[in-house]
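Student: dropping the sequence and predicted coords here.
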Amino acid sequence: MAVRIRLARHGKKNFAFFHIVVADSHAPRDGRFIEEIGLYNPNTNPATIQVDNEKALKWMMNGAQPSETCRRILSYKGVLLKKHLQEGVRKGAISQEVADQRWNAWFEEKQSKVDRKKSDLDQDERSARKAAAEAEAKVNEARATEIATRKAEEARAAAEAAAKAQEAESTPATETPESPEAAENQAAE
């Protein structure tokens, strides 16, 4: 029986996440598996990867072959490096302490890179929110200026209209005939 380490798809359409499973190579993709060794969620930034390194290493040392995607995931998590170091220990090229020391140094470097990426993403998000708030403040200020200008124009127009009305009331109305016929009619009365 050929054993593969591969992904089993779960989730909904356009929002998939995957279980990392050890399965017979003849079993269907989402079908029967031997053991689940982790999760992979590409929907987050950075992608969420949870792998039981010891189980994955045990299966790889026993001959399980990872798929291309799983090979990349296991390499990212350091399982392939650990396998390489364990084979060196088994052959006598290095001691177990040296292998552990090399793996721990690699793991710390990798963890610092991931933490740096997360902090950069957080900082970018904060700066984007700050820029959006500043842009919104500028728009609000422009609107407030426009509203104040419009109200000042309306107040000035109302003051002019009131002044004209007051002027019209204060001037005496003189009777002027509108037409010669109207003047004749008034005279006849």
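Tutor: Here it is on my side, so go on. Numbers count the residues shown, from 1 in each chain.

Student: and N41, its phi and psi?
Tutor: phi -120, psi 100 (degrees, to the nearest 10).

Student: try A133
Tutor: Dihedral pair for A133: phi -70, psi -40, per degrees, to the nearest 10.

Student: can you give me the neighbour number for it?
Tutor: A133 has 10 neighbours, counted by other C-beta atoms under 10 Å. Heads up, the C-betas are built off the backbone N, CA and C, glycines and all.

Student: A142 in helix, strand or coil?
Tutor: Assigned by DSSP: H, G, I helix; E, B strand; the rest coil, the conformation of A142 is helix.

Student: which residues of the protein fall in strands?
Tutor: Ranges of strands in the chain, per DSSP state E, are 3-12, 15-24, 35-41, 48-51, 65-66.

Student: of those strands, give the one that comes closest to K151.
Tutor: Closest approach to K151 among those is made by strand 15-24 (49.9 Å; C-beta to C-beta).

Student: what pairs with that closest one, parallel or antiparallel?
Tutor: Here strand 15-24 is paired, per DSSP bridges, with strand 3-12 (antiparallel), strand 35-41 (antiparallel).

Student: most tightly packed of these?
Tutor: Across the strands paired with strand 15-24, the average number of neighbours (mean count of other C-beta atoms under 10 Å) peaks for strand 35-41, which reaches a mean of 18.

Student: which residues sit against that strand?
Tutor: 5, 7, 17-22, 47-52, 55-56, 59, 73 (C-beta atoms under 8 Å, 6 or more residues apart in numbering).

Student: chain center to it: distance?
Tutor: 25 Å (C-alpha atoms, centre = their mean, to the nearest Å).

Student: could you do stretch 130-142 as well?
Tutor: 21 Å.

Student: what segments of this structure are helices?
Tutor: Ranges of helices in the chain, per DSSP state H, are 53-61, 68-77, 79-91, 96-170, 180-188.

Student: could I get those helices as JSON lines with distance to L39?
Tutor: Shown next, in JSON lines, are these (distance: least, C-beta to C-beta, whole Å):
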{"stretch": "helix 53-61", "distance to L39": "12"}
{"stretch": "helix 68-77", "distance to L39": "10"}
{"stretch": "helix 79-91", "distance to L39": "15"}
{"stretch": "helix 96-170", "distance to L39": "16"}
{"stretch": "helix 180-188", "distance to L39": "99"}
